[in-house]
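A.B. asks: give me the fold of what follows.
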Amino acid sequence: MFEGFARYWREPISAGDGCSYEELTEAEYRIRSTLPIALWDAYGLLGRRADLTGVQDRLLPLEQLRIADGALVFRLENQAVAEWVVRQEDLGKDDPPVVFRRTDGGAPDWSPFLDHFSLACVARLPDVGPRRRRGPRASPR
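C.D. replies: Residues are numbered from 1 along each chain as shown. Here you go, the predicted model:
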């Protein structure tokens, strides 16, 4: 899905667009926790593609992932008034649920967002378009 979206709306995803095994392993070491497989997949595919992950509510660069208040923070709202996380107790799941909260004092408790990290990634794709790349129209497949 990401590949077709990127090819149609931006530039095709290439091998250098994702984070390496070594970088993901280092992130796990730094935060002292394993990362879910779905997070490995997302960062491994497009972890360096700010044009796909940082337009509206940005996916944090791998080196900025952090554990805070018992949760792995991976996405921030563009005005820094909300954050999306995976709770620490869910980090061992392959594709864990995602929760969010406002960080401006509006609602300090975690609220459910989506049942799977992978869905949370896909849900942000509409924030990227519609700016097609130049040249012949790419197939959306």
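A.B. asks: helices along the protein, start to end?
C.D. replies: In chain order, the chain shows helices spanning 2-9, 21-31, 37-46, 50-53, 117-123, with DSSP state H as the criterion.
A.B. asks: just give me the lowest mean pLDDT stretch among the ones you listed.
C.D. replies: Per-segment confidence across the helices of the chain bottoms out at helix 2-9, which has a mean of 49 in mean pLDDT.
A.B. asks: lowest-pLDDT helix or strand in this protein?
C.D. replies: Lowest by mean pLDDT, DSSP states H and E among the helices and strands of the chain is helix 2-9, with a mean of 49.
A.B. asks: can you report how many residues lie near I31?
C.D. replies: The number of residues packed near I31 is 16, by other CB atoms under 10 Å. (C-beta placed from N, C-alpha, C; glycine too.)
A.B. asks: what does D95 give?
C.D. replies: Applying other CB under 10 Å, we find 18 other residues in the vicinity of D95.
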